[in-house]
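K.L.:
The following block contains a protein sequence and its predicted model.
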Amino acid sequence: MIPGGAGNPAGLAYAFKIVLLAGLLLAGLPAADAAGTAPEAPARIALIIDDLGNQLQQGKQAISLPGPVACSFLPDAHFTRELARLAHARNKEVMLHLPMQAVDHMAREPGELRLDMTQQQFIGTLLQHLDSVPNVSGINNHKGSLLTRHPGHMAWLMQAISRYGPLFFIDSRTTTMTVALQMADEYGVPGIERNVFLDNVHDHTAVSRQFRQLLASARTNGIALGIGHPYPETLAVLMRELPRLADYNVQLVPVRRLIEIDKERNELWQASWSRSHRVAKSSKPSP
C-alpha cells in the first residue's frame, strides 16, 4: 500500500521510487538501497598457484580450488603437460612459470634464462619452455631477482612474447629493482605485478594473515594479485576462504581480467587528468 494515498505528494514519490527500482532490476542494473545509496562494487582479486608440475596430487588439488585460480607450471617438469591439460579442461588459466637467474648465482635453476646467454640462446630457451606447457596463456617469473632488473634482457623477453601470441606477463616482483613491467608496456605486452605472496611462511596462521592482507589491499586499491604455491597449508586456507569471498564483498576474477580492469582504471585516470589539466590551463587569465 502506498503511504498517504495517491493524492499525497509523499505517496506519489514513494510510488515513483518503486517503479524506478523495478525498472532498474528489469534492466539488470544495480538497484539503490532503501536510503538511495548504490551498493558498493566488489573489490577484485586474482590468484596464481606457482611451481606446479613436479607433484601430481598437489597439482590436482591446486587445480581443484574453486573459481578461476590460475595455474603456473614449471617447464618440462614431469607432470606439467598432464596437469596443464587438466587445468585447461577445468577452465583454469594455464601459465608458464619461467625460470630466471637470481642474484644468488650459485642457485641455478634447470632451464633458467641467464645474463650470459646470447639473444639467440635466450629466445630459443624461452620458446622451448612455452612449447612445453599446453594451452599457455601467460607467463610469470620463477625467481629472476637478477635478470628482471636488466632492461636489455627484459626487452628480449617482451619482444618474443609479443611475437609469440596473445600472452600476458605477470611480474612476480622478486626484486624491487625490476624493470619487467616497464619493458612489457614498451612492447605492448599486457601485464600487472604481484601484490602479496601468500606463503613465504608455510603455516596456516601465516597464510591466513597474508590472505587477509590480499583482501585489504584489494579493498584499498580496488584490485590485488596474490601468488601462492601448492603447499598443504596454502591449499587448505584457499579451499576454506575462497567460497567466502562474497561475504567480504570481494570477487575472484581471472588474471587476464584483472589486467584489463587495471588498464581500464589507468586509462580513465589518464583521461580525467588530461581533462583537468586542460581546464586548469584554460582557466588561467590571458596575458
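P.N.:
Good, I have the coordinates. Numbering: from 1, shown residues only.
K.L.:
any low-confidence regions in the stretch 51-200 of the chain?
P.N.:
105-106 (pLDDT under 70).
K.L.:
mind listing the helices for it?
P.N.:
Along the stretch 51-200 of the chain, counting by DSSP state H, counting those that start in this stretch, helices occupy 56-63, 80-89, 119-131, 151-164, 180-186.
K.L.:
Those helices into TSV, with extra columns for mean neighbour count?
P.N.:
All C-beta atoms are positioned from the backbone trio N, CA, C, and that covers glycine. Listed next are these as TSV, based on neighbours: other Cβ atoms under 10 Å:
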stretch	mean neighbour count
helix 56-63	19
helix 80-89	19
helix 119-131	16
helix 151-164	19
helix 180-186	20
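K.L.:
And those: which comes nearest residue 246?
P.N.:
helix 56-63 (22.0 Å; Cβ to Cβ).
K.L.:
just the angle between that closest one and helix 80-89, please?
P.N.:
20 degrees (axes from the mean of the first three to the mean of the last three Cα atoms, to 10 degrees).
K.L.:
for helix 56-63, the distance to its chain's centre please.
P.N.:
21 Å (Cα atoms, centre = their mean, to the nearest Å).
K.L.:
now do stretch 155-174
P.N.:
With Cα atoms, centre = their mean, you get 15 Å for stretch 155-174.
K.L.:
Quick one, which of the helices of the stretch 51-200 of the chain gets closest to residue 252.
P.N.:
Closest among the helices of the stretch 51-200 of the chain, once you apply Cβ to Cβ, is helix 56-63, at 14.4 Å.
K.L.:
How about residues contacting that closest one?
P.N.:
49, 52-53, 69, 71, 79, 82-83, 86-87, 90, 92, 230-232, 235 (Cβ atoms under 8 Å, 6 or more residues apart in numbering).
K.L.:
now, which of those residues lie within strands?
P.N.:
Counting by DSSP state E, those place 49, 52, 71 in strands.
K.L.:
Quickly list what the second one is bridged to.
P.N.:
Pointing back at residue 52 there. With DSSP bridges applied, residue 52 shows beta-bridge pairing to residue 73.
K.L.:
related to what we said a few turns ago, the helices of the stretch 51-200 of the chain into TSV, with extra columns for distance to residue 42?
P.N.:
Converted to TSV, the helices of the stretch 51-200 of the chain look like this (distance: least, Cβ to Cβ, whole Å):
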stretch	distance to residue 42
helix 56-63	24
helix 80-89	25
helix 119-131	34
helix 151-164	31
helix 180-186	25
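K.L.:
Looking at these, which is nearest to residue 204?
P.N.:
Using Cβ to Cβ, the helices of the stretch 51-200 of the chain put helix 56-63 closest to residue 204, at 15.5 Å.
K.L.:
Just the CA trace of that closest one, in CSV.
P.N.:
Presented in CSV, the C-alpha positions along helix 56-63 are these (Å, rounded to 0.1, in the frame of the first residue of the first chain):
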residue,chain,number,x,y,z
LEU,A,56,50.8,-34.9,-9.3
GLN,A,57,48.5,-35.0,-6.3
GLN,A,58,49.3,-31.5,-5.1
GLY,A,59,48.9,-30.2,-8.6
LYS,A,60,45.4,-31.8,-8.9
GLN,A,61,44.5,-30.2,-5.6
ALA,A,62,45.5,-26.8,-6.8
ILE,A,63,43.5,-27.3,-10.0
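K.L.:
follow-up on the earlier one: out of the helices of the stretch 51-200 of the chain, the one nearest residue 206 is which?
P.N.:
helix 56-63 (18.6 Å).
K.L.:
Just to check, residue 198 is in contact with residue 208?
P.N.:
No. Residue 198 is beyond contact range of residue 208, at 9.4 Å (criterion: Cβ atoms under 8 Å).
K.L.:
between the two, who's got more neighbours?
P.N.:
residue 198 (26 against 16; other Cβ atoms under 10 Å).
K.L.:
what's that one in contact with, if anything?
P.N.:
207, 210-211, 214, 226-229, 234, 237-238.
K.L.:
Now go through those and say which are in strands.
P.N.:
226-228.
K.L.:
Which one of those is nearest to residue 99?
P.N.:
Among those, and counting by Cβ to Cβ, the member closest to residue 99 is residue 227, at 15.3 Å.
K.L.:
Which residues does the closest one form beta bridges with?
P.N.:
residue 48, residue 197.
K.L.:
and it, how many residues sit next to it?
P.N.:
24.
K.L.:
circling back to that earlier point, counting neighbours, which of the ones in strands among the contacts of helix 56-63 comes out on top?
P.N.:
residue 49 (30 neighbours).
K.L.:
Fine by me, we can end here.
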